[in-house]
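Student: here is my input, please return the structure:
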Amino acid sequence: MMSSTISPAPLLSLSPSPSQSHLPSPFAFRRGLCLVCHSFSQSESQADKPNSWRQLHWKEKRPRRKANAISDKEVVHQFDQLLAAKNLYQINQYLKDYAKTSNNSYPTVFSLFTRLTQAEGIGPNEYTYAILMDCCARMNQVNLMFGFLGRFLKEGHSVNNAMIFSPILKGLCWEKRTGEAATIVLYKMAKLGCIPDVVSYSILINGLSKDGEIDKAMDIVDVMISKGYDPDVITYSILINGLCKKGEIQKAMDIVDVMISKGLEPNVVTYSTLIDGLCKKGEIERALNFLDVMISKGYNPDAITYSTLIDGLCKKGEIEKAMDFVDVMISKGCDPDVITYSTLITGLCKNGETERALNILDVMISKGCEPNGVTYNTLIDGLCKKGETKRALNFLDVMISKGHEPDVVTYGTLIDGLCKKGEITKAKELFFEMISKGVDPDAMIYCTLIEGLCKEGGEIE
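Tutor: From the prediction side, this is the model:
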């Protein structure tokens with residue numbers, strides 16, 4: 001039963017409590033919104049700093065397209081023209097498209113929303129609010145989303161379209177507040193007269209799967225089916241991904257069988273997920289069989305799929321087969337990317353074949369594929385393990401010159417390699433260099449350096 005696995009989250013309430021019987025005034029709401037936008041703008045300026053958490057958060061977790069070269073003044077002018085035409089469909093499309101241009105566009109979107117609310121003879125609808133709430137989710141401002149929902153309800157709009165809740169569910173799941181998301185889907189939406197749809201359930205299932213709560217995710221699928229909704233390929237693929245990440249490959253295979261029995265054909269994502277899961281379990285032959293099935297169904301594997309197989313082969317020590325797969329992917333019109341090349345370099349270095357790894361690096365660069373920090377760390381590690389610390393230090397300089405800041409792994413690898421070669425003076429210099437650059441040594445680095453100093457009979461000055 002669902003009640004035994006997912007209980008209502010007590011912190012969430014979509015209806016006003018006695019102490020919150022009225023929503024903030026429009027002035028207070030706008031003032032709060034302005035403060036959030038200001039805070040967001042400030043945080044965006046911080047995102048340009050090296051090693052910034054927000055830089056990773058925006059650029060890796062939820063990447064956005066580059067902004068178009070258009071001034072705020074021109075945006076307002078275009079929007080005002082749409083307001084004059086009183087075409088809400090075009091207005092919503094404009095807001096949606098502009099929100100996609102850049103992370104910095106969100107405050108402007110809110111400003112345009114304010115102009116819409118102040119216009120005569122036209123006002124926002126549920127699609128407008130959904131766009132705004134999606135912006136809030138991407139800003140990690142879940143509470144502001146609830147503020148917009150409260151305003152939406154206060155204006156007398158009905159919530160018969162589940163779409164209005166999708167940004168809230170996404171935002172909560174992104175913040176790992178899946179219990180609250182489950183409460184909304186299973187209880188709160190119905191109380192507000194809104195029936196969850198396939199998208200609502202799929203967002204929740206995805207959030208639970210990513211949190212490792214695969215059993216609860218499968219419970220939600222059962223609830224979804226009991227409500228008359230059939231899971232689609234996306235829903236099943238989410239479950240398969242969650243099961244593969246937990247190493248439960250056979251259960252994932254069973255889900256594939258269920259999919260097929262319901263007339264649903266696995267897609268490229270489904271096959272790639274299974275191939276990844278099998279490779280991580282070391283079942284390369286089964287993974288290769290699925291690759292053949294995937295191709296026979298007319299799906300073209302991408303660089304990620306091939307890189308997954310190459311990684312699996314490298315980890316099993318089958319380097320030559322991995323190299324052959326690079327030729328196969330190229331023959332299929334799929335160019336190796338930085339992950340593919342780095343995977344090969346890692347496999348070769350772990351096999352002690354640093355010279356071949358360096359040859360792969362040369363090929364990589366000649367193809368216009370720029371090595372990343374992982375690539376350089378791998379090569380430095382391989383060279384240190386071979387005792388070639390001078391070449392490893394040269395790669396540290398190259399790495400820095402290419403704009404890749406060495407991290408604790410880079411310095412730890414080099415210090416370990418230097419200490420093992422008895423080059424304690426250089427190891428100490430590197431130790432103080434990393435501190436001067438704001439990289440904190442970990443326990444392993446201290447232990448390595450202390451051990452090296454003890455053998456030498458020296459000390460850290």
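Student: rest of the way, CA atoms for contacts and neighbours
Tutor: OK.
Student: buried set for stretch 92-112?
Tutor: Neighbour counts over stretch 92-112 (16 or more other CA atoms under 10 Å) mark 92, 94-96, 98-101, 103-110, 112 as buried.
Student: an error on my part: the question was meant for stretch 265-284.
Tutor: Going by 16+ other CA under 10 Å, stretch 265-284 has these buried residues: 266-280, 283-284.
Student: also stretch 438-456?
Tutor: Residues of stretch 438-456 classed as buried by neighbour count (16+ other CA under 10 Å): 439, 441, 445, 448, 449, 450, 452, 453.
Student: mind putting those residues into JSON lines with distance to residue 124?
Tutor: Shown next, in JSON lines, are these (distance: CA to CA, whole Å):
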{"residue": "439", "distance to residue 124": "49"}
{"residue": "441", "distance to residue 124": "54"}
{"residue": "445", "distance to residue 124": "58"}
{"residue": "448", "distance to residue 124": "63"}
{"residue": "449", "distance to residue 124": "64"}
{"residue": "450", "distance to residue 124": "66"}
{"residue": "452", "distance to residue 124": "68"}
{"residue": "453", "distance to residue 124": "70"}
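Student: now, these that are in helices?
Tutor: 445, 448, 449, 450, 452, 453 (DSSP state H).
Student: thought residue 419 was touching the third one, still the case?
Tutor: Yes. Distance between residue 449 and residue 419: 6.9 Å, which falls inside the contact criterion (CA atoms under 8 Å).
Student: the chain - how does it break down into domains?
Tutor: Per automatic domain parsing, the structural domains of the chain span 1-11+26-41+67-225, 230-296, 302-371, 389-461.
Student: okay, the ones you listed in a markdown table with mean pLDDT and distance to residue 379 next?
Tutor: Shown next, in a markdown table, are the domains of the chain (pLDDT from 0 to 100; distance: least, CA to CA, whole Å):
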| stretch | mean pLDDT | distance to residue 379 |
| --- | --- | --- |
| domain 1-11+26-41+67-225 | 80 | 32 |
| domain 230-296 | 90 | 23 |
| domain 302-371 | 90 | 7 |
| domain 389-461 | 88 | 7 |
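Student: who touches both of residue 449 and residue 419?
Tutor: In terms of CA atoms under 8 Å, 6 or more residues apart in numbering, residue 449 and residue 419 are both contacted by the residues residue 427.
Student: follow-up on the earlier one: and the ones in helices among the buried residues of stretch 438-456 as TSV, adding distance to residue 331?
Tutor: Output for those, formatted as TSV (distance: CA to CA, whole Å):
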residue	distance to residue 331
445	45
448	46
449	48
450	52
452	50
453	53
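Student: nearest to residue 121, of those residues?
Tutor: residue 445 (67.7 Å; CA to CA).
Student: I figured that closest one hits residue 417, correct?
Tutor: No. Applying CA under 8 Å, one finds residue 445 not in contact with residue 417, separated by 11.1 Å.
Student: for burial, what's the neighbour tally of residue 113?
Tutor: 21 (other CA atoms under 10 Å).
Student: list the residues that contact it.
Tutor: Counting by CA under 8 Å, 6+ apart, residue 113 has contacts residue 124.
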